[in-house]
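Colleague: A structural model of the following input is requested.
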Amino acid sequence: MLPLLKTLLDSIVDYAGLYPPAQLDLRSAMQNYAQYAATPHAWMLSRFVLPAARLEEFTAIAADLPLSQWSLSVVVKDPTELEQAFALQTKSIKIAALEFTPQSSEAIQTLISQIPSGVEAFFEIPLNPTFPDTIALLKGTPAAATPPAAKLRTGGITESAFPNRRSLADWICTCAQANVPFKATAGLHHPFPGNYRLTYELDSPIAPMQGFLNVAIASAFAYSQSLTPTEIIPLLEIDSFADLLELREETLIWHSPQGKCQIDRREIQIARQQFFRSFGSCSFEEPIEDLIALDLVHSN
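Modeller: Prediction:
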């Protein structure tokens, strides 16, 4: 596998097996995560996404599983859950990130002041006409050890839950211009865009979905080269590494409508570390299987 691709996808999947459409029970999801952490593809695996209300249950089950170190992204609905969550943290169970459901501007400012040093905080921001104002609010927060970040919902189990490419491009470029990191959640099971089933049911409706490779690559270009939404949209539409995208050892080349653009591995690394942090997925296997089928990663 090319080093550049590994840099692009390193620790990119936050495993959310508890959430639709997989919606596993907690023990099964935890067993999956422990198994994934022991595979050759563990380098793509990041945090285990867990509702704060289930931390105590999680701690009890973790004692029965072989994984010695758990990295959690804890979803917080009620700010009062924060203190209890960190009280349940142990040496082997680390809260690496917090994900807040949509909050008011006043609540966001209060919550940011309560985040411990070294813990990433992602604030879910609905993709509506006022989202740039909330992004600006995160940018305007006084400097902290870990800058506050945004969270974008990129799908769900209904077609209406998926943003169109213009909206997605607007989001990426708005965050890049404000220098606000973000993560995505839901609807990014596949590397490239296409029409896919919304759930795992045989009679599931089919709808257009975005590709996680496109989002990662578009984010890197937007962050390092200050591209506009109009310039980013064609990149979100690419459905293969063929004529328009060239993946090389140290360079990714995009033959855009405006001409040849390129980005090197160091720029991609910086974009992943400082900008597009990860995407949440209820499946870790689907992204891996698709990448194997595309001959982009090895099967073992």
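Colleague: report the buried residues of stretch 95-107.
Modeller: Buried residues in stretch 95-107, counting neighbours by 16 or more other CB atoms under 10 Å, are found at 95-100, 103. To be clear about C-beta, it is placed using only N, CA and C from the backbone, and glycine gets the same treatment.
Colleague: for the helix or strand where residue 176 lies, output the C-alpha coordinates as CSV.
Modeller: When secondary structure is defined by DSSP states H and E, residue 176 falls within helix 165-178. The C-alpha coordinates for helix 165-178 follow below in CSV (Å, rounded to 0.1, in the frame of the first residue of the first chain):
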residue,chain,number,x,y,z
ARG,A,165,-22.4,18.0,-2.8
ARG,A,166,-22.9,21.8,-2.8
SER,A,167,-23.8,21.8,0.9
LEU,A,168,-20.9,19.4,1.7
ALA,A,169,-18.5,21.6,-0.2
ASP,A,170,-19.8,24.7,1.6
TRP,A,171,-19.2,23.0,5.0
ILE,A,172,-15.7,21.9,4.2
CYS,A,173,-14.6,25.3,2.9
THR,A,174,-16.3,27.2,5.7
CYS,A,175,-14.5,25.1,8.3
ALA,A,176,-11.2,25.4,6.4
GLN,A,177,-11.4,29.2,6.1
ALA,A,178,-12.2,29.4,9.8
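Colleague: angle of the host helix or strand of residue 134 against helix 165-178?
Modeller: Element membership for residue 134, per DSSP H and E: helix 131-139. Angle between the axes of helix 131-139 and helix 165-178 is 30 degrees (criterion: axes from the mean of the first three to the mean of the last three CA atoms, to 10 degrees).
Colleague: show me what helix 131-139 is packed up against.
Modeller: Identification of packing neighbours for helix 131-139 by 3 or more CB pairs under 8 Å, 6 or more residues apart in numbering; DSSP states H and E yields helix 105-112, strand 149-153, helix 165-178.
Colleague: which one of those lies closest to residue 70?
Modeller: Distance to residue 70, taken as CB to CB, is lowest for strand 149-153 among the helices and strands packed on helix 131-139, at 20.8 Å.
Colleague: mean pLDDT lowest where, among the helices and strands packed on helix 131-139?
Modeller: Mean pLDDT values for these show the minimum at helix 105-112, a mean of 89.
Colleague: bridging residues for the residue in the chain sticking out farthest from the centre?
Modeller: Centroid-distance maximum for the chain: residue 259 at 28.9 Å, with CA atoms, centre = their mean. Beta bridges link residue 259 to residue 256, judged by DSSP bridges.
Colleague: what about it, distance to residue 231?
Modeller: 11 Å (CB to CB, to the nearest Å).
Colleague: same thing with residue 116?
Modeller: Note on residue 116: its distance to residue 231, by CB to CB, is 38 Å.
Colleague: look at those two and report which has more neighbours.
Modeller: residue 231 (19 against 13; other CB atoms under 10 Å).
Colleague: one step back: okay, buried residues for the helix holding residue 176 please.
Modeller: For helix 165-178, burial by neighbour count (16+ other CB under 10 Å) applies to 165, 167-178.
Colleague: can you check stretch 181-196 too?
Modeller: Residues 181-193 are the ones in stretch 181-196 that count as buried (16+ other CB under 10 Å).
Colleague: give me the subset of these that lies in strands.
Modeller: Under the assignment DSSP state E, the buried residues of stretch 181-196 contribute 182-185 to strands.
Colleague: surely residue 199 touches residue 158?
Modeller: No. With contact defined as CB atoms under 8 Å, residue 199 does not reach residue 158; the gap is 9.8 Å.
Colleague: what about the two, which has more around it?
Modeller: Neighbours per residue (other CB under 10 Å) separate residue 199 from residue 158, with residue 199 holding more: 15 against 11.
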